[in-house]
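1. Predicted coordinates and the sequence they were generated for:
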Amino acid sequence: MSKSADEIVYGLKREYLEKICAEGNRIDGRKLDEMRNLVVNTNFVPRAEGSAEVRLGDTRVLVGIKVEQGEPFPDTPKSGILTTNAEMLPMASPIFESGPPSEDAIELARVVDRGIRESKMIDLDKLVIKEGEKVWVVFIDMHILDYDGNLIDACSIGAVAALLNSKVPASEIGAEDYPLPISHVPVTITFAKIGSTVVADPNLEEEEVASARLSVATNENGDVVAMQKGLGGSITKEELFSAVDTSIKVGKDIRKRVLGR
Amino acid sequence: MSKSADEIVYGLKREYLEKICAEGNRIDGRKLDEMRNLVVNTNFVPRAEGSAEVRLGDTRVLVGIKVEQGEPFPDTPKSGILTTNAEMLPMASPIFESGPPSEDAIELARVVDRGIRESKMIDLDKLVIKEGEKVWVVFIDMHILDYDGNLIDACSIGAVAALLNSKVPASEIGAEDYPLPISHVPVTITFAKIGSTVVADPNLEEEEVASARLSVATNENGDVVAMQKGLGGSITKEELFSAVDTSIKVGKDIRKRVLGR
Amino acid sequence: MSKSADEIVYGLKREYLEKICAEGNRIDGRKLDEMRNLVVNTNFVPRAEGSAEVRLGDTRVLVGIKVEQGEPFPDTPKSGILTTNAEMLPMASPIFESGPPSEDAIELARVVDRGIRESKMIDLDKLVIKEGEKVWVVFIDMHILDYDGNLIDACSIGAVAALLNSKVPASEIGAEDYPLPISHVPVTITFAKIGSTVVADPNLEEEEVASARLSVATNENGDVVAMQKGLGGSITKEELFSAVDTSIKVGKDIRKRVLGR
Amino acid sequence: MGGTQSDIKLMNEEGLRIDGRKFNELRPIRIEVGVLNRADGSAYIEWGGNKVLVAVYGPREAFPKHTQNPSRAIINARYNMAAFSVDERKRPGPDRRAVEISKVIGEALECAVFTEQFPRTSIDVYIEVLQADAGTRIAGLTAASVALVDAGIPMKDMVVGCAAGKIDGKVVLDLNKEEDNYGQADLPMAIIPRTQEIVLLQMDGNLTREELEEAVEMSKKAATYISDLQKEALMAKYKSQEPEKEGERDE
Amino acid sequence: MGGTQSDIKLMNEEGLRIDGRKFNELRPIRIEVGVLNRADGSAYIEWGGNKVLVAVYGPREAFPKHTQNPSRAIINARYNMAAFSVDERKRPGPDRRAVEISKVIGEALECAVFTEQFPRTSIDVYIEVLQADAGTRIAGLTAASVALVDAGIPMKDMVVGCAAGKIDGKVVLDLNKEEDNYGQADLPMAIIPRTQEIVLLQMDGNLTREELEEAVEMSKKAATYISDLQKEALMAKYKSQEPEKEGERDE
Amino acid sequence: MGGTQSDIKLMNEEGLRIDGRKFNELRPIRIEVGVLNRADGSAYIEWGGNKVLVAVYGPREAFPKHTQNPSRAIINARYNMAAFSVDERKRPGPDRRAVEISKVIGEALECAVFTEQFPRTSIDVYIEVLQADAGTRIAGLTAASVALVDAGIPMKDMVVGCAAGKIDGKVVLDLNKEEDNYGQADLPMAIIPRTQEIVLLQMDGNLTREELEEAVEMSKKAATYISDLQKEALMAKYKSQEPEKEGERDE
């Protein structure tokens, strides 16, 4: 079967990237385990209870936190509620479409949510107003503004940064506002497998030729709290543990340098 | 680029209408600021709390009012609720489609709603059953049955006529039914710009060649209470104020002759 | 107009089936009023409040019953709630699609519901926990797993069998679980008109060439409790009453032999 | 069929119903033809408290394309209740009930229309219930047949809808709203008068075999009368148009 | 326009508003151009407490195909509020308000863009409100014009939005959130400065004919100033790019 | 992972779990092949209290057309829970959890299927959870591999799913529902036994690096056993068919 021009170009690009990665290099000059430049700007939206704008290379996301009163779930009457949503805005890329969340957007929101929820970052037990009747609901809304790869890390770091700077608007119920109760600080690092090389924080060009993706969230103790493999290719056990080790190391750095923890 | 037969016919039609309008005439013999024949038939649906069938030329709409008990919005505990919906039924035109409301139907409902809400026609403060808990909800449902242009005016006049004849079914809660509390009587008049002429109450053929549309709602004092410009063409300041003046004048006539106010 | 190969094959098949039916025979050797082999396996899903797996020839459905606490409808404060849903899973046939229920699935659910509701099979008055506030809601969910015709009967019989074996989980509210209160046992039998012959329990091939469909639900007294004609062909009065008679007869047999009533 | 409130009497000692009708008496029916400008055909029916408007468009190219049938027209009926047509406001848009009713109405019309004459097209029948009072599907179907004729669509015969039911243990014709709510059975039906074929049939409640026969017979008889009303409505339109046509020629 | 709480004073004895502005004074406005990498054109505007980001894609083939216009480009504007942009969290996705605003913004831009030059294409304008403080549609439209220029789309002139309104019985410029909530009228408007054509006009509340003239005039005057800000923002971008371009040549 | 109720003991003093299993013991697994008539391939699995049915259709032309990939088949997995499969009735239709699980299952199968052999087609894998008891995605994926073989789709090897987790501070194999609710970590994984590649991997909870290694190893070992069950199930089907085939030939 003959190939289209698009396919040929794609094949060449893939080959090229696989080759330089195999040699230990990357298209933008980074080391294999090196993140792109990461800038986090908190309190971008003062009207929200918390917010953070994240630039990870040319990827840009804005995370806003709203904290509102609501009813607890019937099976967890003594617990606040956490809910996470990602909007892959058509503004951010010609390939994103308007309409209900795509399966990519759903996976993105769920992976970010899992890192925060499973690390027990937020102490949901402290968000009860009246047991079984009223609790604080924490809404994490992630707006993708500019897409150049690795949304999982940009969104995760943005969500964590925004939560660390969020307040509970207790003045609404006659008390004093207080900071969101934080127990842990998870950081998620994502890897892409290009040919047989694994790189950290893939940019868009790298993502396009990757066969597999792996996200590893760790906490400040170096424990693994969430993972997600993606794409239609496989990874080896060795690749998994190498990624885990890098995630612990890079996570520690980001926690300190960017999140101030 | 060559044009299709449809485009050529459309171009000729547009030219023709622009020409006769420029000469102060209209395709159906009306004067530039003259409405088509307007017939309002209230209480067409006795089972509803209010209703009005409107024929504006060959355009025909049926507006029904339901008044039901409901919860107030949290931020307006001392106020009843008004909600307006337009159904551009596929019955009414070969170009209307089944399915969720089009953006035209949404704009139509919102423009009609704005004329009624912003004129403070209904005294929503008098529609409270129990403050913060139970209020009367007024549903305006506009059914487009036959489409020959200018739905905004047909629907607005129908909604106002139906509301003027509506009752609050207070017998449901052990009191006596009473008429909906009315404070003002807004009338909306819509204009179309054809070439450089502005005409009132455009019919379908005129709408099809119009570059801009302007709706002006006024109350019984001659104040302007709502406006909406539509379509991808512009209007001048002079056209705006000429339309405002006509709207005040024609509105007064309709208020008296058709609405009995 | 020339016909496609598909249409010619379909025409031949239809002619053939019409011919053998006219001679009193059927493609799978059954008599005109004979059902396919019917196997009902209750309690297939022990975690549900009731369930039944039905195989009617090669058609296979799984019906699950959930009984949960809920609010009564405002106009029936002294009555439990029955709700019926059919999922024509894409698993069951290459012609079923994912997504919201098709009109076929909606009709299927409503016809099954009608047979159960109108026969007063379940004594909904006995499903009240607190009048006007809390009642038991009975959910009938029908999962179509393998489609070889006559879903109405497979689902109806499955729903009745599952309900007969369902319990009300009253232990949730501190009482003892008890069997769903049953007053009647309806059985629905469906017929297809092939040419001018009416056959019972059509299989997929028969359904495909049928001009009309008729479902008749009867109760243990031989009364008719629900009917539904389907498809774009007609039936005669004689065909109707012949179907009613067969339904009463076959229904009695199924009630005894399969449902144990 | 609610049927639980056995204390509600729907028929008095003289055998008259709450609206004064006899057991085999229809509610008043009025049909008007050609009531809309934009549609290819239209009709309006008042049947007791029911007010139903029907518009027909077509035959026109079926859209989207994959719905086209290469050997015949598809009939696309859409039954819709206005939000204000019922006591408690109905949310706009089709619910499950409306989907089912649209389906059986479309199938009933398919029995009468010569669909083979218009391959790849759709005939769209829009039925709007403006006020509802039991029997809307039957009223809508009866008006739809007239609107199809008004649109010039060739048919075997006009389909006629009628319903019978059971109240206070007696089979009666054409239930009204209270009878529908508190009666024991409802049997909406439609036939093609010329051939006596049954093209729509639904039933819920409880009828013995004998009652069922009685109900079917009663509706069949009424159908003849309703069929005449359909024809008169069509004639009335053509009569009323004659002078207009003269006038047009004069211009 | 709430307008019912007449006890809320929005203007003091010296005629100053709650944020200290005079009656005909705009809130601070800051525009940045070319702020996104992926989009063909982009702009960011801060207008009082409003923060709005705009991206433009196109002209590109309109999709789905049936939306294509054989004689011109379609302008597809999508106004969207971030869930966290308002006090009470907004559910993601377009509500009826957003649909209407998208429509009038798109129509306003259509008045200025030379759409005939790009038949069968769409020009997609995505307006994201990141923080809302009254006047978001006007801020978004003003930034959208700049983003269109940044995308290289040919236009008559940049559209400029501005709003006037009425508080405490006085006509004032550019309502903020409290003024919008408790004032008596709001009149969002947009013009093409070069021709003074009005391309967007909405109004709600209560204005006499004279107040309406005053409001329109006030916005028109402000538009000239805002138009200059648009141009400065574009110039700032091109200036800032020059050294970069030099640098690129060096490599 | 709830993990908060530390007072719930999931393992007794002898190291036995609440269902009597040892730390590295699987729940009973039973696989049946070719259980449906209409589908091209099918399988049914019972895994502890899980009951999952899988049907495969394809390779068939992908629809709608724009989803076609010119160089390979797309795998379209759809994981769906029956409304009655869980304690509290689930609303029909896919929720966000189901969308994610469908995605990771599809991606895992893609690692094993020779998709390049069938350009422009889709291979549709429908996974219906009839009763759920923790580990449904793993059970579904394991059965899906078998159903693919039953449909005659060429694969590198059958994918095998297995999960490990942590309860009461110990790494254990194959969590059941209570262990999933009250345990401290869950790690669903799938591998291709022949190459030991990891094709699905998710994790939530809390594991040290050492525990993670232990968990991965435990699942890998179990996968060999499950792989054998898959093969036996396929053999059982072909054996059972032989006499039938003989019979067919006789006719």
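-> All right, it came through fine. Residues are numbered from 1 along each chain as shown, chains lettered A, B, ... in the order given.
2. And what about the nearest residue to D:C111 once chain neighbours are set aside, helix, strand or coil?
-> If the residues on either side of it in the chain are set aside, D:C111 comes closest to D:V199, at 4.0 Å by CB to CB, 6 or more residues apart in numbering or on different chains. Just so you know, the C-beta spots here come from the backbone N, C-alpha and C atoms, and that holds for glycine as well. Using DSSP: H, G, I helix; E, B strand; the rest coil, the structure places D:V199 in strand.
3. quick one: contacts for D:V199?
-> Taking CB atoms under 8 Å, 6 or more residues apart in numbering or on different chains as the contact definition, D:V199 lies against C:229, C:234, D:107-109, D:111-112, D:159, D:190-192.
4. of those residues, closest to C:G24?
-> For the contacts of D:V199, the minimum distance to C:G24 (CB to CB) is 22.1 Å, reached by C:S234.
5. Model confidence for that closest one, exactly?
-> On the pLDDT scale, C:S234 is placed at 97.
6. Please tell me how far it sits from C:L240.
-> Using CB to CB, to the nearest Å, one gets 11 Å for the distance from C:S234 to C:L240.
7. repeat for A:P100
-> 46 Å.
8. Helices of chain D, start to end?
-> Along chain D, counting by DSSP state H, helices occupy D:96-110, D:136-150, D:177-182, D:209-250.
9. which residues does the closest residue to D:G161 other than its chain neighbours contact?
-> In this structure, D:G161 finds its nearest non-sequential neighbour in D:I138, 3.5 Å apart by CB to CB, 6+ apart. By CB under 8 Å, 6+ apart, the contact list for D:I138 reads D:47, D:161-163, D:188-190.
10. what's the closest of those residues to chain F?
-> Nearest to chain F out of the contacts of D:I138 is D:P188 (CB to the nearest CB; 28.9 Å).
11. and the closest one, bridged to which residues?
-> D:A163 (DSSP bridges).
12. Enumerate every residue touching it.
-> For D:P188, the contact set (CB under 8 Å, 6+ apart) comprises D:135, D:137-138, D:161-163, D:200-203.
13. Return the closest of those residues with respect to chain A.
-> D:R137 (33.8 Å).
14. I'd like to know how many residues surround the closest one.
-> Look at D:R137: counted by other CB atoms under 10 Å in any protein chain shown, it has 27 neighbours.
15. do the same with D:A132
-> Count around D:A132 with other CB under 10 Å applied: 22.
16. my guess is A:E49 meets A:V67, correct?
-> Yes. At 4.4 Å, A:E49 counts as touching A:V67 under the criterion of CB atoms under 8 Å.
17. Next, show the common contact partners of those two.
-> Between them, A:E49 and A:V67 share the contacting residues A:166-169, A:180, judged by CB under 8 Å, 6+ apart.
18. Which single residue of the stretch 51-200 of chain A ends up nearest chain F?
-> For the stretch 51-200 of chain A and chain F, the shortest gap (CB to the nearest CB) falls at A:E118, measuring 4.1 Å.
19. Tell me how many other residues crowd that residue.
-> By other CB under 10 Å, neighbour count at A:E118 equals 25.
20. pretty sure it is touching F:D204, no?
-> Yes. Between A:E118 and F:D204 there is a contact at 4.1 Å, judged by CB under 8 Å.
21. ok, and the closest non-adjacent residue to D:K220?
-> D:I191 (6.4 Å).
22. ok, the one you found - contacts?
-> Residues near D:I191 by CB under 8 Å, 6+ apart: D:159-160, D:162, D:197-199, D:219-220, D:223.
23. how does it look with 10 Å?
-> C:234, C:237, D:108, D:111-112, D:157, D:159-162, D:197-201, D:216, D:219-220, D:223-224, D:227 (CB atoms under 10 Å, 6 or more residues apart in numbering or on different chains).
24. what's the answer for A:S119, then?
-> Neighbours of A:S119 in contact, by CB under 10 Å, 6+ apart: A:160, A:183-188, A:217-220, A:223-226, F:204-206.
25. Take the residues you listed and keep only those in helices.
-> The helices, defined by DSSP H, take in A:V160 from those.
26. Of the contacts of A:S119, select the buried ones using a PyMOL command.
-> Here is the PyMOL selection string for the buried members of those, based on 16 or more other CB atoms under 10 Å in any protein chain shown:
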select buried, (chain A and resi 160+184+185+186+187+188+217+218+219+220+223+224+225+226) or (chain F and resi 204+205+206)
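27. Which of the contacts of A:S119 fall in strands?
-> Among the contacts of A:S119, the ones falling in strands (DSSP state E) are A:187-188, A:217-218, A:224-226, F:204-206.
28. Kindly indicate which of these lies nearest chain D.
-> Comparing the ones in strands among the contacts of A:S119 against chain D with CB to the nearest CB places F:D204 closest, at 38.2 Å.
29. need the contact list for the residue in the stretch 1-150 of chain D that chain C sits nearest to.
-> Relative to chain C, the nearest point of the stretch 1-150 of chain D is D:E110 (3.3 Å; CB to the nearest CB). The contact partners of D:E110, by CB under 10 Å, 6+ apart, come to C:231-234, D:72-75, D:77, D:123, D:159, D:199.
30. redo that, cut-off 6 Å
-> D:E110 is in contact with C:232, D:75, counting by CB atoms under 6 Å, 6 or more residues apart in numbering or on different chains.
31. what's the most buried one of the helices of chain D?
-> Of all the helices of chain D, helix D:136-150 carries the top mean neighbour count, a mean of 27, counting by mean count of other CB atoms under 10 Å in any protein chain shown.
32. got the angle for that helix vs helix D:209-250?
-> Interaxial angle, helix D:136-150 versus helix D:209-250 (axes from the mean of the first three to the mean of the last three CA atoms, to 10 degrees): 40 degrees.
33. Kindly indicate which of the contacts of D:V199 lies nearest chain F.
-> Among the contacts of D:V199, and counting by CB to the nearest CB, the member closest to chain F is D:E107, at 25.5 Å.
34. Check the gap between the closest residue to that closest one other than its chain neighbours and chain B for me.
-> Nearest residue to D:E107, sequence neighbours excluded (CB to CB, 6+ apart): C:G232, at 4.7 Å. According to CB to the nearest CB, to the nearest Å, C:G232 stands 21 Å off from chain B.
35. Now do C:G232: how many residues are near it, please.
-> 19.
36. how close does it get to D:V113?
-> Going from C:G232 to D:V113 by CB to CB gives 9 Å.
37. Check D:P193 too.
-> Relative to D:V113, D:P193 is positioned 15 Å away (CB to CB).
38. who's more crowded, the two?
-> When neighbours are counted by other CB under 10 Å, D:P193 and D:V113 differ, and D:V113 comes out ahead with 23 against 17.
39. Quick check, central residue of chain A?
-> Among the residues of chain A, A:S156 comes closest to the average C-alpha position under CA atoms, centre = their mean, at 2.5 Å.
40. Would you confirm that it belongs to a strand?
-> No. Looking at A:S156 with three-state DSSP, it is helix, so not inside a strand.
41. what sits against the residue nearest to it when sequence neighbours are not counted?
-> In this structure, A:S156 finds its nearest non-sequential neighbour in A:T188, 3.9 Å apart by CB to CB, 6+ apart. By CB under 6 Å, 6+ apart, the residues touching A:T188 are A:115, A:153, A:156, A:215, A:217.
42. and A:T188, bridged to which residues?
-> Assigned bridge partners for A:T188, using DSSP bridges, are A:A217.
43. quick one: D:A190 and D:A139 touch, right?
-> No. Look at D:A190 against D:A139 with CB atoms under 6 Å: they stay out of range, at 11.0 Å.
44. Briefly note if stretch D:56-69 comes near chain E.
-> No. Applying CB under 6 Å from any CB of the partner chain, one finds stretch D:56-69 separated from chain E by no less than 9.9 Å.
45. so does that stretch get close to chain C?
-> No. Shown here: stretch D:56-69 not in contact with chain C (CB under 6 Å from any CB), separated by at least 10.1 Å.
46. Which elements pack onto the longest helix seen in chain A?
-> Using DSSP H to define each element, chain A has its longest helix at helix A:237-257. If contacts are counted by 3 or more CB pairs under 6 Å, 6 or more residues apart in numbering or on different chains; DSSP states H and E, helix A:237-257 sits against strand A:187-194, strand A:212-218.
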